[in-house]
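Undergrad: okay, sequence plus prediction incoming.
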Amino acid sequence: MAKRERVMRMSVEQPLWRALTAYRVLTMLYAVGLFATAYDKFARPWVAIAFYALLFVWTLATLPRVANAASCTKRFLTADLTIALVGILLTRVADASSRIEAGGPTLPSIWTAGSVLAFAIKGGWRWAAFASTLVAAVNIVERGAPTRDTVHNVILVWVASIAIGYVVEVARASERTLARALEIEAATRERERLARDIHDSVLQVLAMVQRRGSALGGEAAELGRMAGEQEVALRTLVSGGLIPVSRVSEDAAQGALVRAVEEPDEDGPVDLRALLAPYAAARVTFSEPGAPVPLDPAAARELAAAVGAALDNVREHAGADARAWILVEDEPDAVIVTVRDDGPGIPEGRLAQAEGEGRLGVALSIRGRLRELGGTAELISVPGQGTEVELKVPKELKVSRGKAVRR
């Protein structure tokens, strides 16, 4: 049965929308209560009654609009803030001048802050600054002059809304980072599971076909050769698939949504397995750890080049029928790569003779590269039993002028 993809959304701002919903209802009731207690002091109470009727219906009817970011559209925010601003300006029409000059509350009172907070949660601190600035300007117009209480209230709303908007932006960034980490972890586990399944089934079958075909000869030998090539190609693909895919998170209406993208990263360590896997072939077996082998990018490239040079020597000196094995070991303080072949071996003194003749393949391409990395290259060869090259690179490296050197 095919597995269904499980989509997980996360939203750290969802509690803020629920809090805003409750705030709008409570502040609407508070504004109506203030009017009810001071009804006889209003110059034109019918204006206030009409506004509160509109405010009551609007607040209850738009509760679904402030349930999440998707529903809280720009058009709704504009209409909501317009009602708050109109209510502030209508205060001078409905209320007595003496109460306004004494610092009495506006018709919407603290309900206005709900409109500003909706801007903050939806669009961050910039939207909050825009909405709170409009509210500040209209409040000053309504008062007729910037009194101390008016300035105090305006600054309080301005600072609070911008702070909440900034917190929302930080929360969204943290949410995207967490979503990215969780999906990479899940994708890596799934790739490792697929790699195990492929290794236990398809790769073993292809290897068996290669061995049986070679033993039978004739057309079966050609079939075995093709199976061997496909085994190598599939093994390389599986090995490359173990590398975690770089991802970028986007903010969706109900939380963070992660999508895979190609994003090369040269700043951090690279997985040595990815550089060595292409060397695998029908007669070259590549053995690697199940987990990534992180190494400095410059050091990893030099080490992979040294392995390539060792395999070139195998092809040139051990013959076309020689087999080679690449083994990667991830030690706590170093990475060890061993290249072994089943060729005739190197006669004693042959390397020194080749170096004297100016053929410096081993001296420069292998030992020279490892020396620059602060590592070592040990070559062991027994005539008639093949050759083994052990390349050891320390993990504690630093980059200097484009090259990795030991600390």
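TA: All right, it came through fine.

Undergrad: which residues of the stretch 151-300 of the chain fall in strands?
TA: Using DSSP state E, counting those that start in this stretch, the strands of the stretch 151-300 of the chain run over residues 247-252, 255-260, 270-271, 284-287, 294-295.

Undergrad: hey, which helix or strand in the protein has the poorest pLDDT?
TA: strand 247-252 (a mean of 44; mean pLDDT, DSSP states H and E).

Undergrad: so residue 292 sits against residue 273, correct?
TA: Yes: if you go by C-beta atoms under 8 Å, residue 292 and residue 273 touch, sitting 6.8 Å apart. Where you see a C-beta, it was placed from the backbone N, CA and C, and this is true even at glycine.

Undergrad: so which of those two has more stuff around it?
TA: Each of residue 292 and residue 273 has its neighbours counted (other C-beta atoms under 10 Å); residue 273 has more, 23 against 18.

Undergrad: from memory the more buried one sits against residue 329, does it?
TA: No: taking contacts as C-beta under 8 Å, residue 273 lies outside contact range of residue 329: 11.8 Å.

Undergrad: which neighbours do those two share?
TA: Common contacts of residue 273 and residue 329 (C-beta atoms under 8 Å, 6 or more residues apart in numbering): residue 289.

Undergrad: endpoints of stretch 326-339, how far apart?
TA: Length of stretch 326-339, first residue to last, C-alpha to C-alpha, to the nearest Å: 5 Å.

Undergrad: what lies in contact with it?
TA: 272-273, 276, 279-280, 284-289, 291, 293, 295, 303, 307, 310-311, 314, 324-325, 340, 375, 388-396.

Undergrad: so for that stretch, what's the average pLDDT?
TA: Per-residue pLDDT over stretch 326-339 has a mean of 91.

Undergrad: all helices of the protein, in order?
TA: Counting by DSSP state H, the chain has these helices, from start to end: 14-37, 45-61, 74-94, 97-101, 111-123, 125-143, 148-198, 204-216, 219-241, 272-276, 297-313, 350-356, 369-372.

Undergrad: just those: most buried one?
TA: The highest mean neighbour count among the helices of the chain, using mean count of other C-beta atoms under 10 Å, belongs to helix 111-123: a mean of 25.

Undergrad: and residue 117, how close does it get to residue 177?
TA: Remark: distance between residue 117 and residue 177 (C-beta to C-beta, to the nearest Å) = 25 Å.

Undergrad: cool, residue 333 as well?
TA: Distance from residue 333 to residue 177, by C-beta to C-beta: 31 Å.

Undergrad: same check, this time on residue 298
TA: 28 Å.

Undergrad: repeat for residue 373
TA: In terms of C-beta to C-beta, residue 373 sits 33 Å off from residue 177.

Undergrad: same check, this time on residue 148
TA: 44 Å.

Undergrad: can you check residue 113 too?
TA: According to C-beta to C-beta, residue 113 and residue 177 sit 30 Å apart.

Undergrad: ok, back up a step: JSON lines for the helices of the chain, including mean pLDDT and distance to residue 382?
TA: Shown next, in JSON lines, are the helices of the chain (pLDDT from 0 to 100; distance: least, C-beta to C-beta, whole Å):
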{"stretch": "helix 14-37", "mean pLDDT": "90", "distance to residue 382": "69"}
{"stretch": "helix 45-61", "mean pLDDT": "93", "distance to residue 382": "88"}
{"stretch": "helix 74-94", "mean pLDDT": "91", "distance to residue 382": "78"}
{"stretch": "helix 97-101", "mean pLDDT": "78", "distance to residue 382": "103"}
{"stretch": "helix 111-123", "mean pLDDT": "89", "distance to residue 382": "73"}
{"stretch": "helix 125-143", "mean pLDDT": "87", "distance to residue 382": "72"}
{"stretch": "helix 148-198", "mean pLDDT": "76", "distance to residue 382": "35"}
{"stretch": "helix 204-216", "mean pLDDT": "77", "distance to residue 382": "26"}
{"stretch": "helix 219-241", "mean pLDDT": "72", "distance to residue 382": "27"}
{"stretch": "helix 272-276", "mean pLDDT": "90", "distance to residue 382": "25"}
{"stretch": "helix 297-313", "mean pLDDT": "86", "distance to residue 382": "16"}
{"stretch": "helix 350-356", "mean pLDDT": "52", "distance to residue 382": "13"}
{"stretch": "helix 369-372", "mean pLDDT": "80", "distance to residue 382": "22"}
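
Undergrad: turn those helices into JSON lines, columns for distance to residue 383.
TA: As requested, these are arranged in JSON lines below (distance: least, C-beta to C-beta, whole Å):
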{"stretch": "helix 14-37", "distance to residue 383": "73"}
{"stretch": "helix 45-61", "distance to residue 383": "92"}
{"stretch": "helix 74-94", "distance to residue 383": "81"}
{"stretch": "helix 97-101", "distance to residue 383": "107"}
{"stretch": "helix 111-123", "distance to residue 383": "76"}
{"stretch": "helix 125-143", "distance to residue 383": "75"}
{"stretch": "helix 148-198", "distance to residue 383": "39"}
{"stretch": "helix 204-216", "distance to residue 383": "27"}
{"stretch": "helix 219-241", "distance to residue 383": "29"}
{"stretch": "helix 272-276", "distance to residue 383": "28"}
{"stretch": "helix 297-313", "distance to residue 383": "16"}
{"stretch": "helix 350-356", "distance to residue 383": "10"}
{"stretch": "helix 369-372", "distance to residue 383": "25"}
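
Undergrad: centre-most residue in the protein?
TA: Taking C-alpha atoms, centre = their mean, the centroid of the chain lies closest to residue 180, which sits 3.6 Å from it.

Undergrad: identify the bridge partners of residue 379.
TA: Here residue 379 sits in beta bridges with residue 389, going by DSSP bridges.

Undergrad: doesn't residue 370 make contact with it?
TA: No: counting by C-beta under 8 Å, residue 379 stays clear of residue 370, with 11.0 Å between them.

Undergrad: from the chain's centroid, how far away is stretch 48-59?
TA: Centre-to-centre, stretch 48-59 and its host chain are 46 Å apart (C-alpha atoms, centre = their mean, to the nearest Å).

Undergrad: and what of stretch 164-179?
TA: Stretch 164-179 sits 14 Å away from the centroid of its parent chain (C-alpha atoms, centre = their mean).

Undergrad: with stretch 377-392 instead?
TA: Counting by C-alpha atoms, centre = their mean, stretch 377-392 comes out at 43 Å from the chain centroid.

Undergrad: residues in contact with it?
TA: By C-beta under 8 Å, 6+ apart, stretch 377-392 touches 303, 306-307, 310, 313-314, 318, 322, 334-348, 351, 362, 366-367, 369-371, 375-376.
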